[in-house]
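K.L.:
sequence? don't have it. structure:
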């Protein structure tokens, strides 16, 4: 049972990171096409959020391993 919960959590982190990666790339493309620095700032913010979620996911995995 614990194994399926762990896999579900990992899947959720991976989905969030993938979605944010797409959003980051799209905002960077819009910044390029529109020459609008606002979209580059959005891309940067989304990238930072993605990096935070990756770190949180790693910390959660370490905690789960320590508990098991």
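P.N.:
In hand now; what should we look at? Model, not experiment: these values are computed from the prediction.
K.L.:
count of neighbours near residue 56?
P.N.:
12 (other C-beta atoms under 10 Å). Just so you know, the C-beta spots here come from the backbone N, C-alpha and C atoms, and that holds for glycine as well.
K.L.:
which secondary structure element contains it?
P.N.:
Element membership for residue 56 (DSSP states H and E) is helix 37-67.
K.L.:
Ok, residue 23 next?
P.N.:
Per DSSP H and E: residue 23 is located in helix 2-34.
K.L.:
What is that helix packed up against?
P.N.:
With contacts defined as 3 or more C-beta pairs under 8 Å, 6 or more residues apart in numbering; DSSP states H and E, helix 2-34 has these neighbours: helix 37-67.
K.L.:
and the helix it packs on, average pLDDT?
P.N.:
In this model, helix 37-67 has an average pLDDT of 86.
K.L.:
about what we covered before: hey, what's the angle from the helix holding residue 23 to helix 37-67? Just curious.
P.N.:
Per axes from the mean of the first three to the mean of the last three C-alpha atoms, to 10 degrees, the angle that helix 2-34 makes with helix 37-67 is 170 degrees.
K.L.:
about what we covered before: report the buried residues of the helix holding residue 56.
P.N.:
For helix 37-67, the buried set under the neighbour-count rule, 16 or more other C-beta atoms under 10 Å, comprises 39, 40, 42, 43, 46, 47, 50, 53, 57.
K.L.:
quick one: the second one and residue 31 touch, right?
P.N.:
Yes. Contact between residue 40 and residue 31 holds when scored by C-beta atoms under 8 Å: they sit 3.9 Å apart.
K.L.:
show me the contacts for the closest residue to residue 21 other than its chain neighbours.
P.N.:
Excluding the flanking residues, the one nearest residue 21 by C-beta to C-beta, 6 or more residues apart in numbering is residue 50, at 6.1 Å. Neighbour list for residue 50: 17, 20, 21, 24 [criterion: C-beta atoms under 8 Å, 6 or more residues apart in numbering].
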